[in-house]
Structure formats: C-alpha cells, structure tokens
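S.K.: I'll drop the sequence and a predicted model, then ask my questions.
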Amino acid sequence: MKMKERLFTPGPTPVPPEVLLAMAAPMTHHRQAAFEKLFASVSGKLKTVFQTTSPVVILAGSGTSAMEGSIVNLLSAGDKALSVNAGKFGERWGQIGKAYGVNMQVLDVPWGEAVDPARIEAALKADPSIKAVYATLHETSTTVLTDIKAIGAITHASGAILVVDAISGLAADVLRMDEWGVDVVVAGSQKALMLPPGLAFAAIGPKAQEAMKKSTLPKFYLSFDKALKNLEKNTTPYTPAVSVVIALETALSQLIAEGIETVWTRHAKLAEATRAGILAMGMALFSKAPSNAATSVLLPENVDGSALHKKLRDEYKITCAGGQDQMKGKIERIAHMGYYDQFDVLVVIGALELALKDLGAPVKVGEGVAAAQRCFAEK
C-alpha cells in the first residue's frame, strides 16, 4: 500500500487546501484596483500578526532578502552592530553585515542554548557606539527560543535598534513587536504563515525609519524607502509574487479568525506534546530553551542521524530535518509550525519511535505516542 507523504520540515511547511486553491485563481495584474484593494487588506492583517501599528513591507524573495534589507537600509559601512550567533541563522546576520562592510561584533552562544540578555546589555554598555542588535526569535537550526522581550527592554534603554529574525518563529512563538520595543521584525511566507516560499516581510518601526535616513549602504531592489512609499499606494515598487500575495489574504484571514493569542496557544500545546512524546520514548531534547515552532531530538551515540532521516523519509514517508554543521547526524528536527494539529504530532512521534527501533535505539515503542496523547487530553 502506498503511504501518505507528510512534511515536518521547518520550512517549507504544509499549506492549507483553501490557501492552495487561492493560488490557483486566474492570474491578475498587480497594477490594477482589484489587486491594490487586496494588497491593502493583507497589509492591515500583517500588522495584527506582527503585533504592530508600523508598516509591514512585502518583498518577493526568501526571508534572507528581508534580513539583508534590514542591514543595508539601517546602517552605513563602518557602523558597529552586534549579532547574536547561536546557530546557522544567527550566524547569517554576521555574514550579511560583514559582506557590506559593517563592523559586526559577533556574540557567540553554544548551540542548543539561548543567549543571556545580560551579555547583550554588557556589550552595549562597553561600547555605546553600537547602533543595532540583530537577534533571532527561533533559531531554526537548534530549535532554541530567544528572550526577545528582555532584549527589547535593554536596547530600548540603550538607544540601539533591535532587529529580529522571526522567519520561522512568527505566529508560532509569542512576539509582541510594539509592546516589546522591537524596531524591525523580518519573516518569511513558508513557515507558520502557511504559504509556499516566495514572500519576505519586514515590519519597520519608527526608530528604524529614522535610521534609514542616515544609511548609506548600497540598495536598490531591497530599498525599504521605495517599498514604504509604494505601500502607501497599496502596491510594491517591483512585480510581487502575485499568486502568493493572493493566497496570503486567505492564510492571514485563517490566522486572524483563530485569534493570534489562540494561535500561539495551539503552537505551545503542539510543542509541549511533542517534547513529552520524545522524553517518554526514552530520547532527549537538544534545545535547552525550546521553541513552539519546532523540536530537536538529541540522538543516542549509536544512532546515525543521517540513517534515521533517510529511514523516516523513504520508508515511513515522514520528512523532518536533520542537524546542520556541527550537529549533522546528531539531531533530528521536527517542525510543528503553521498548518498542524494534534493528530499530526501523534503521527510523527509514532513514526519516530518505529524508525528508532529499526535502527537499534533503546526506544520505548508506544510510550511516546501515549505521552503526547495524554498531553492533548489535559485540556
């Protein structure tokens, strides 16, 4: 019997059928009134999801384009900035900054751990000339959650701009942009927003808009100034990913109908049940500060992570994500951001139990599923 294929990667993630159907609508032109009306609608709904009153620009590109945009639009060559490197995507902040001649001071954090906000506070006090801090809400490579609220209080007091990569964390982990004093939040479409890849977003607060006026780094396609001016006219400076924008209206409507607080609670429950299942089957968690977006399983030394990943994918038709760089072959990452429910968690935990048993791991088959199910039963 042919098995169903199921996706549990931290991007792309599954897309609701209503969203897929919206993408199948006939192509329309982006410079006409009907599309501008749609664009105005999604722009307003994005503010709700980002928890901000500031404008949210939409780019045709991956989340990395918004990351790059939040460096070239805010800084000048030689400016000092601080980036938190706690994994592959925190590392990217430093790489982008250095590519543009920014004096990027990198704060290294052991993989699996979250940065202590006190280290950021100490760095800003030691060097008040640091103009911006770049952090990651959910470090996808380690499934670690960063305390953005605490960091926001620190940067607000110091005057530095706080830029947060929420590409995989937005709408999964709690993030209150305005309330927490975050100046820029970047995100991508293919994560908890329940869309295919193709769109990047940047919510730009007042302090960041002021910094844009002084920035001299080169920018053209990624110009936030152009994007903001066009946003006032409910359009984009260049051709958007039209079909994905159309689908964005449907996806955002679903999230808002559920209620952003309820969406966060749902993700918290999915994450809690996943972690309970992993521990009950006899495995360990890798992240010391786990996120609601994804969970990483620390594998026993006798289990080859690459073999586990291949077995899950090829035999059980479950596609998760393996470890990256130093954690390659040592962890398996399970996503539960976006279009997932409690039964999806039971399926992936059950498949993980069977695959680990096949590879000779001392796993307690059935215990993980039972623990996850008990977690869901506790309303």
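M.R.: Received, thanks.

S.K.: list the buried ones in stretch 78-95?
M.R.: Neighbour-count burial for stretch 78-95 flags 79-94 (criterion: 16 or more other CB atoms under 10 Å). No exception for glycine: its C-beta is placed from N, CA and C like everyone else's.

S.K.: nearest to residue 41, of these?
M.R.: Closest approach to residue 41 among those (CB to CB): residue 89, at 30.2 Å.

S.K.: need the next SSE after the one helix or strand that closest one maps to, C-terminal direction.
M.R.: Taking DSSP states H and E as the criterion, residue 89 maps to helix 88-99. Per DSSP H and E, helix 88-99 leads on to strand 103-108 as the next helix or strand towards the C-terminus.

S.K.: tell me which strands and helices the next helix or strand after that next one is in contact with?
M.R.: Using DSSP H and E, the helix or strand that follows strand 103-108 in sequence is helix 117-126. Counting contacts by 3 or more CB pairs under 8 Å, 6 or more residues apart in numbering; DSSP states H and E, helix 117-126 is packed against strand 80-85, strand 103-108, strand 130-136, helix 148-158.

S.K.: switch to 6 Å and redo it
M.R.: For helix 117-126, the elements it packs on are helix 148-158, judged by 3 or more CB pairs under 6 Å, 6 or more residues apart in numbering; DSSP states H and E.

S.K.: Give me the average confidence score over the helix it packs on.
M.R.: The average pLDDT for helix 148-158 rounds to 97.

S.K.: In it, which residues are buried?
M.R.: 148, 151, 152, 153, 154, 155, 158.

S.K.: Go ahead and confirm residue 68 touches residue 93.
M.R.: No: here residue 68 lies out of contact with residue 93, judged by CB atoms under 6 Å, at a distance of 10.0 Å.

S.K.: quick one: which helix or strand includes the closest residue in space to residue 233 that isn't next to it in sequence?
M.R.: The shortest distance from residue 233 to any non-neighbouring residue, by CB to CB, 6 or more residues apart in numbering, is to residue 36 (7.4 Å). Assessed by DSSP H and E, residue 36 sits inside helix 33-50.

S.K.: In the protein, where's the longest helix?
M.R.: Ranked by residue count and defined by DSSP state H, the top helix of the chain is helix 260-280.

S.K.: So for the following helix or strand past that one, mean pLDDT?
M.R.: Note on helix 260-280: by DSSP H and E, the next helix or strand toward the C-terminus is strand 284-285. Strand 284-285 shows a mean pLDDT of 98.

S.K.: Other residues contacting strand 284-285?
M.R.: Residues from elsewhere that reach strand 284-285 (CB atoms under 6 Å, 6 or more residues apart in numbering): residue 298.

S.K.: in a helix, that's where residue 333 is, yeah?
M.R.: No: remark: residue 333 does not belong to a helix; assigned using DSSP: H, G, I helix; E, B strand; the rest coil, it is strand.
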